[in-house]
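Enquirer: here is a sequence with its predicted model. Questions after.
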Amino acid sequence: MLLNFISSGGSKAELIQFLLTIPIILFSLSFHEYSHAYAAYKMGDPTARNLGRMTLNPIKHLDPLGTVMMLLIGFGYAKPVPVNSRNFKNAKKGMALTAFAGPLSNLFLAIVSALILRILIVVLNGATITAEFQFNFYTLLLDFFYLFHILNLSLAVFNMIPIPPLDGSRLANIFLPDKIYFGLMKYERYIMIALIAVVFILPRVTDVSPVWWVASKISSGIMWLIGLIPGL
């Protein structure tokens, strides 16, 4: 991310990585929010669709602070999709499934990009290509799909944290009594500020990001499963 580029002294590799993340972030956050809107619509709530949020157009979804966070440290968020739970037959279930659609969409993108990455490795390793082509195009292509893979896994893991206003807190609503859940929701803004601070500071204190650590473990599992496919 941008902070890595700055801390590395502006290396060419870090600059390329940063530039590659921009289209990945724009698409991944948009796909995440589109999935929320689509899930809500399929369960009877047209609010997001009527407000133009059931789209992959990033302009409709991006939150300025959340986007800057994503570019700076690799974790961020988009503008929440508006949902009217009264349109669901079962409000708690509808909210939970709508929330889960976001992280699930990022997991889906992570699996697809991992599969593409593995296919590229197999195909390009068997191709006759010049050293210059291999360095400039082959490496760039692999870097793009690896970043696509790990960033989407990180988005999925981050959003599944059961802390308001992340998607995981909506899932936790199924198991928490209404009194406790809505009590927590009153402090949603302050909890979010504290969460941003922790996500930003913790990796610089411990030299490891818990979200990235979990994402890397899931990534290893996905790559292992893909490796079981004949020919890959």
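Expert: Perfect, I can see it now. Since this is a predicted model, take the numbers as computed values, not measurements.

Enquirer: quick one: average pLDDT of the host helix or strand of Val198?
Expert: Per DSSP states H and E: Val198 is located in helix 188-206. Mean pLDDT, helix 188-206: 67.

Enquirer: any idea of the mean pLDDT for whichever helix or strand comes after it?
Expert: Next helix or strand after helix 188-206 toward the C-terminus (DSSP H and E): helix 210-227. Mean pLDDT, helix 210-227: 92.

Enquirer: what packs against helix 210-227?
Expert: Helix 210-227 sits against helix 91-125, helix 139-159, helix 188-206, with contacts defined as 3 or more CB pairs under 8 Å, 6 or more residues apart in numbering; DSSP states H and E. Heads up, the C-betas are built off the backbone N, CA and C, glycines and all.

Enquirer: okay if I get those helices as CSV plus mean neighbour count?
Expert: Shown next, in CSV, are these (neighbours: other CB atoms under 10 Å):
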stretch, mean neighbour count
helix 91-125, 19
helix 139-159, 21
helix 188-206, 13
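
Enquirer: distance to Trp213 added to those helices, as JSON lines?
Expert: Shown next, in JSON lines, are the helices and strands packed on helix 210-227 (distance: least, CB to CB, whole Å):
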{"stretch": "helix 91-125", "distance to Trp213": "16"}
{"stretch": "helix 139-159", "distance to Trp213": "9"}
{"stretch": "helix 188-206", "distance to Trp213": "10"}
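
Enquirer: to Leu19, which of those lies closest?
Expert: Smallest distance to Leu19 across these (CB to CB): 10.0 Å, for helix 139-159.

Enquirer: so how far is the closest one from its chain's centroid?
Expert: Centre-to-centre, helix 139-159 and its host chain are 8 Å apart (CA atoms, centre = their mean, to the nearest Å).

Enquirer: where in the protein is pLDDT low?
Expert: By pLDDT under 70, the weakly predicted segments of the chain are 1-13, 70-71, 73-76, 126-135, 178, 181-190, 192, 196-197, 199-208.

Enquirer: for the residue nearest in space to the middle of the chain, give its distance to Val211.
Expert: The structure's the chain has its C-alpha centroid closest to Leu155; by CA atoms, centre = their mean the separation is 2.4 Å. Leu155 sits 9 Å away from Val211, going by CB to CB, to the nearest Å.

Enquirer: what's the answer for Ile119, then?
Expert: Going from Ile119 to Val211 by CB to CB gives 27 Å.

Enquirer: helices or strands next to the helix or strand encompassing Gly168 in the packing?
Expert: Gly168 is part of helix 167-172, with elements assigned from DSSP H and E. With contacts defined as 3+ CB pairs under 8 Å, 6+ apart, the packing partners of helix 167-172 are helix 91-125.

Enquirer: show me how far the helix it packs on is from its chain's centre.
Expert: Once both centres are worked out by CA atoms, centre = their mean, helix 91-125 turns out to sit 9 Å from its chain's centre.

Enquirer: got the angle for it vs helix 139-159?
Expert: For helix 91-125 against helix 139-159, the angle by axes from the mean of the first three to the mean of the last three CA atoms, to 10 degrees is 160 degrees.

Enquirer: now helix 91-125 against helix 210-227, angle please.
Expert: Orientation of helix 91-125 against helix 210-227 (the same axes, to 10 degrees) gives an angle of 60 degrees.

Enquirer: packing partners of helix 91-125?
Expert: Packing partners of helix 91-125 (3+ CB pairs under 8 Å, 6+ apart): helix 12-42, helix 139-159, helix 167-172, helix 210-227.

Enquirer: so Ser113 sits against Leu151, correct?
Expert: No: assessed by CB atoms under 8 Å, Ser113 is found out of contact with Leu151, at 9.1 Å.
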